[in-house]
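In: Following is a predicted model, sequence given first.
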Amino acid sequence: MKVGTTNSVEYEFYEKAGEDDGDDFAPYVVNRKAVSVEGLHYSVPLYPSWKLGLSRNCASRNILNNVTLHVPDGTLMAIMGNSGSGKTSLLDVLANRAVAGSKVKGEIMLNGTECTPGMMKHSSGYVLQHDRMLPNLTVWETLMFVSHFTLNEKESSKEERVQTVIDKLGLSHVTDTRVGNEHTRGLSGGERRRVSIGVQLVNAPSVLLLDEPTTGLDSFAAHNLVLLLKRIAGFGVTILLTIHQPRSDMFRLFDGITILSSGELVYSGPARAMVQHFNSLGYPCPLYANPLDHYVDLGTIDYRSESTQLKTSDSVESLKKSFMESAIHSETQKQIQYWKSGPRENVVFYRTKANKHEIMRRMIQRLQLNLSRDSSALTMRLSQLFLFGFFMFAFFFRIGSNQNSMQDRVGFLYEISCGPIFIGMFNAIALFPTMRDMHYRESRDGFYNSWMFLCTYIAHVVPFAMLASVIFATFTYWAIGLNPQVVRFVFFYFNSLLLHLAGELIGIGMLGMIGDPTLANSVCALIISISCLLASGLVRSVESLPTFLHLLSYLMIHKYASELFVVNEYSGLELDCPQQGEMCIFPKGDIYLEQYYPNAIKNFDRNCAVMWFYTLALFALVIGIFQVRTKVLH
Ligand SMILES: Nc1ncnc2c1ncn2[C@@H]1O[C@H](COP(=O)(O)OP(=O)(O)OP(=O)(O)O)[C@@H](O)[C@H]1O
């Protein structure tokens, strides 16, 4: 069969099984695109190495060298090669996701038109190696939310699309099953991979890129998945996937095969021409050997010893050279030239974006749905603060008004200054990483921006923080017996709430800077501990600190929160004095304030304002961190 359906060019190597299926992706049509890559070079920056003197040298490493390939529309191309050969890097560059600071040279084209940065992004879907979905949503909900984020259509037509995707992916029997993950029971690994593919298919992409979609699946499930991809290619989608050690019977499912070795081509062309190509070079595939494994091995340098390295690198070099001189390579080049000489593509972006308010409404709905089904997360959000307060009560019991209660009050206020902020931070570290990783994937897919994600995330967190703080403050304040005025209770509540939210924001911000949650946790714990110790004034008076630490305390939230707590509790407080003849050091709380917090009463209104401002500033900072982070990622 001839390929190049729009333009009748001879390119007889490829056979597109899909076209004969007579199947389509109704109710929507795939905008068919052939993918061409010409002379692609890709290098990434390595760590800067410091030379003697003041000049800085940023070394770089070549990952891909002179890669040229052509994938006709509606075909399935497997990209293979040994580990580190550049497969994922090739997909990343194709998907316009080269790492920051890298250099990309060469041309990437869709139907012969050179891709602008947005063109591939809008025409393709990229299925990453790791599924990043919310575990507590069902398959139907997962795909429906994607349709809400990306399509501007009637509800019924979105439902029709999602149903089509579910049917085509063979997921009808698990439509209402939760997606699950390693901690939550749900779909099997193979079904979850299909949902990841479905997430990309909702938008009917012209090109589908998949990074090792079969990893972690048993060989039967892996085979079924590739079979499914073959069917999807049959609907007109051009598919490129990287794959490790495919079963030999997958060979006939691939229309095209690319084998990379150290970022260079050993082979790229029609699958059924591959055996002939290697035969002609004097490398026939041994009987009963898997040709896919065999040719990948041929392109691999054996580093076990110097002699094997020398021998294999010579043969790999000769394979690369022979391929560049082969008829298949020149046919690929001809095909690319043919498409390039055709009319320029009018770039039609298939995504019709939903409006921002609708996307944000749906994002909150999705977060709430996910949390409402996650009983441990829900319990964590609502009960941790209360349990902390209950423990405080068990520890301090009724605080009383004798002279000893001064010491108890100081200890209690210190704990109250530190507890809510730590709990907020722990909530973020435990619950946010799943959302963050999904956000990275979805923002790269162009669903929404970081600020939209963070606004909705915080909007979803605030009601829980308010409720948890109300329960905590009401119980703790009255059970322990703090200054019994309602207005003071209200101040106590808001101060605890803002500290709790600040902790959540510090955790989120740190997770924006540090990928590993465990490391983010320890850095946050360190920062908050320092803030409690240094700026609360409850361990050592801030006034008595060395100037540098004193100035530093102004940057810390505990400077303001603790002053508010102590003024709220001590101003106007009357304490009992012991029997005559014994010293009464603090007959009034105001004496304590004068001694340790001389300006706290004067600064009360300022501190209230600073607490709100501080929390908002933290929020703005978090948005900034994620804006930069996603820019770097993109
Ligand atoms: N950002 C980067 N910085 C430094 N080196 C990189 C970077 N990205 C990729 N590399 C290097 O480029 C080479 C190719 O990486 P790539 O992940 O594309 O290989 P791969 O063929 O997909 O490997 P695998 O099959 O093991 O996933 C590797 O040696 C890798 O270490």
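Out: Yep, it's here. Numbering: from 1, shown residues only.

In: I'd like to know how many residues surround Q333.
Out: 15 (other C-beta atoms under 10 Å). All C-beta spots, glycine's among them, are computed from the backbone N, C-alpha and C.

In: What residues sit buried inside the host helix or strand of it?
Out: Element membership for Q333, per DSSP states H and E: helix 327-341. Judged by neighbour count (16 or more other C-beta atoms under 10 Å), helix 327-341 contains these buried residues: I328, H329, E331, T332, Q335, I336, Y338, W339, K340.

In: I figured the fifth one hits H70, correct?
Out: Yes: Q335 lies in contact with H70 (C-beta atoms under 8 Å); the separation is 4.8 Å.

In: Could you name every residue contacting both of these two?
Out: Residues touching both Q335 and H70 by C-beta atoms under 8 Å, 6 or more residues apart in numbering: S36.

In: what number of residues lie near L618?
Out: The tally of other residues near L618 (other C-beta under 10 Å) stands at 20.

In: now swap in A617 and tell me
Out: Other residues close to A617 by other C-beta under 10 Å number 14.

In: part of a helix, is it?
Out: Yes: counting by DSSP: H, G, I helix; E, B strand; the rest coil, A617 is found in a helix.

In: Find me the pLDDT at it, would you?
Out: We have a pLDDT of 98 for A617.

In: quick one, helices of the stretch 401-550 of the chain?
Out: 404-444, 450-480, 486-513, 517-535, 547-553 (DSSP state H, counting those that start in this stretch).

In: Nearest to the ligand, out of those?
Out: The closest of the helices of the stretch 401-550 of the chain to the ligand is helix 404-444. By C-beta to the nearest ligand atom, the value is 15.7 Å.

In: Got the domain ranges for the protein?
Out: 17-128+205-213+222-341, 356-361+381-633 (automatic domain parsing).

In: before we move on, back to that, the helix holding Q333 packs against which elements?
Out: With contacts taken as 3 or more C-beta pairs under 8 Å, 6 or more residues apart in numbering; DSSP states H and E, helix 327-341 sits against strand 35-50, strand 56-71, strand 103-110, strand 264-270.

In: let's see 10 Å
Out: strand 35-50, strand 56-71, strand 103-110, strand 113-114, strand 264-270, helix 274-280, helix 306-324 (3 or more C-beta pairs under 10 Å, 6 or more residues apart in numbering; DSSP states H and E).

In: ok, now which ones touch the spatially closest residue to N521 that is not a sequence neighbour?
Out: Excluding the flanking residues, the one nearest N521 by C-beta to C-beta, 6 or more residues apart in numbering is I429, at 4.7 Å. By C-beta atoms under 10 Å, 6 or more residues apart in numbering, the contact set of I429 is 503-504, 506-508, 510-511, 517-518, 520-522, 524-525.

In: all strands of the stretch 151-300 of the chain, in order?
Out: Under the criterion DSSP state E, counting those that start in this stretch, the stretch 151-300 of the chain contains strands at 207-210, 238-242, 256-261, 264-270.

In: re earlier: please produce CSV containing the domains of the chain, extended by distance to the ligand.
Out: Output for the domains of the chain, formatted as CSV (distance: least, C-beta to the nearest ligand atom, whole Å):
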stretch, distance to the ligand
domain 17-128+205-213+222-341, 3
domain 356-361+381-633, 12
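
In: Least confident of the ones you listed, on average?
Out: Of all those, mean pLDDT reaches its minimum on domain 17-128+205-213+222-341 (a mean of 85).

In: Now do the buried residues in stretch 31-40.
Out: For stretch 31-40, by 16+ other C-beta under 10 Å, it's N31, R32, K33, A34, V35, S36, V37, E38, L40.

In: Can you check the distance spanned by that stretch, start to finish?
Out: 25 Å (C-alpha to C-alpha, to the nearest Å).

In: what's the spacing between that stretch and its chain's center?
Out: 27 Å (C-alpha atoms, centre = their mean, to the nearest Å).

In: hmm, back to that, next, format the helices of the stretch 401-550 of the chain as TSV and append distance to D167.
Out: As requested, these are exported to TSV (distance: least, C-beta to C-beta, whole Å):
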stretch	distance to D167
helix 404-444	24
helix 450-480	31
helix 486-513	38
helix 517-535	38
helix 547-553	61
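
In: mind checking which of those is nearest I166?
Out: helix 404-444 (19.6 Å; C-beta to C-beta).

In: what angle sits between the closest one and helix 450-480?
Out: 160 degrees (axes from the mean of the first three to the mean of the last three C-alpha atoms, to 10 degrees).

In: how big is the angle separating helix 404-444 from helix 486-513?
Out: On the basis of the same axes, to 10 degrees, helix 404-444 is oriented at 40 degrees to helix 486-513.

In: if we can go back for a sec, in terms of distance to L228, which of the buried residues of stretch 31-40 ranks first?
Out: The shortest approach to L228 among these belongs to R32, at 19.0 Å (C-beta to C-beta).

In: hang on, the closest one is in a strand, isn't it?
Out: No: R32 is assigned coil when assessed by three-state DSSP, not a strand.

In: ok, it to D73 distance?
Out: 4 Å (C-beta to C-beta, to the nearest Å).

In: Please tell me I have it right and S417 contacts E569.
Out: No: counting by C-beta atoms under 10 Å, S417 stays clear of E569, with 11.5 Å between them.

In: circling back to that earlier point, now render the strands of the stretch 151-300 of the chain as TSV, adding mean neighbour count and distance to I197.
Out: Formatted as TSV, the strands of the stretch 151-300 of the chain follow (neighbours: other C-beta atoms under 10 Å; distance: least, C-beta to C-beta, whole Å):
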stretch	mean neighbour count	distance to I197
strand 207-210	25	7
strand 238-242	27	10
strand 256-261	25	19
strand 264-270	25	24
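
In: Keeping just the C-alphas, turn the helix holding Q333 into CSV.
Out: C-alpha atoms of helix 327-341 as CSV (Å, rounded to 0.1, in the frame of the first residue of the first chain):
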residue,chain,number,x,y,z
ALA,A,327,18.4,3.1,0.5
ILE,A,328,15.9,3.2,3.4
HIS,A,329,17.5,6.3,4.8
SER,A,330,17.6,8.1,1.5
GLU,A,331,13.9,7.0,1.0
THR,A,332,13.1,8.6,4.3
GLN,A,333,14.9,11.8,3.2
LYS,A,334,13.0,11.8,-0.1
GLN,A,335,9.7,11.4,1.8
ILE,A,336,10.6,14.4,4.1
GLN,A,337,11.6,16.5,1.1
TYR,A,338,8.3,15.6,-0.6
TRP,A,339,6.2,16.7,2.4
LYS,A,340,8.4,19.9,2.7
SER,A,341,7.8,20.8,-0.9
